[in-house]
Structure formats: C-alpha cells, structure tokens
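1. whatever this is, show me its structure:
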Amino acid sequence: QVQLVESGGGLVQAGGSLRLSCAFSGRNFASYAMGWFRQAPGKEREFVAGIGWSDSATYYADSVKGRFAISRDNHKGTVYLQMNSLKPDDTAIYYCAASIDDYRHPREYDTWGQGTQVTVSS
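-> The predicted structure follows:
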C-alpha cells in the first residue's frame, strides 16, 4: 500500500523560497508518476506540477512556470517541489499525489498525502 508524507511547508515572505518534500512508502516508486497539487481557502484544487518516471518529463501550471521546479530521487523514494519567487497567491495547502497513469493527467492521481501548509506573506 502506497503512503505519501509531505514536509517542508511553512511561512515565508514574498520573494522567498521553500522546498517541499514528499516521502513515498510502498513498492515500485519509480513506476509512479508524481504530482503536486494545491488548494487555497474557497478555491478549487489546482494541479501545480507533475513528473514522469524520470526527471526529463515534467508539467507545470502556467501560474508557477518559471518559478517552481519538480524533481524526484528514485533511490530515495522522494519527490520535491522547489518553489522560488513566492507570491501571496501561492498560499495554500500543498498535496503530494501518485498515479500509475500519465503524469499530465490530474484526474488519474489517486493516492494522496495529508498536505502541508504554505503561507506567503506580503
């Protein structure tokens, strides 16, 4: 059974950086596509970034393109989200998710972490 645990959230000033981590427990991490989603109060969940089995295949929402970077370490069973030039609009709960399907398809992510809060102050 796959379990995901996020860490690295916190409070940061606008323009700052944070790196989120998601630890995967279970079998065959390398066979899963991994993604990061976020949900702010009163807003729908947004698919922020996805990564295929290797670092070479990635997806980014337009809202974070050029500022965020997703990566994975298949040996450590961990996926990361490096967030730079943070804005108050990036404030949300960030969730890690896993999929056995295409990393670009948000509806195929069916295993979720508990989320980590990111707050960006102006």
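
2. any idea which residue sits dead centre in this protein?
-> residue 36 (2.4 Å; CA atoms, centre = their mean).

3. that one pairs with what?
-> residue 49, residue 96 (DSSP bridges).

4. any stretches of the protein with poor pLDDT?
-> For the chain, residues meeting the criterion pLDDT under 70 lie at 55.

5. please, where are all the helices along the chain?
-> Assigned by DSSP state H, the chain shows no helices.

6. mind jotting down where the strands sit in it?
-> In the chain, the strands defined using DSSP state E lie at 3-7, 10-13, 18-25, 33-39, 46-51, 58-60, 68-73, 78-83, 92-99, 111-112, 116-121.

7. Throw the ones you listed into JSON lines and include distance to residue 105, thanks.
-> No exception for glycine: its C-beta is placed from N, CA and C like everyone else's. Conversion of the strands of the chain to JSON lines gives the following (distance: least, CB to CB, whole Å):
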{"stretch": "strand 3-7", "distance to residue 105": "18"}
{"stretch": "strand 10-13", "distance to residue 105": "30"}
{"stretch": "strand 18-25", "distance to residue 105": "18"}
{"stretch": "strand 33-39", "distance to residue 105": "8"}
{"stretch": "strand 46-51", "distance to residue 105": "8"}
{"stretch": "strand 58-60", "distance to residue 105": "9"}
{"stretch": "strand 68-73", "distance to residue 105": "15"}
{"stretch": "strand 78-83", "distance to residue 105": "17"}
{"stretch": "strand 92-99", "distance to residue 105": "7"}
{"stretch": "strand 111-112", "distance to residue 105": "14"}
{"stretch": "strand 116-121", "distance to residue 105": "23"}
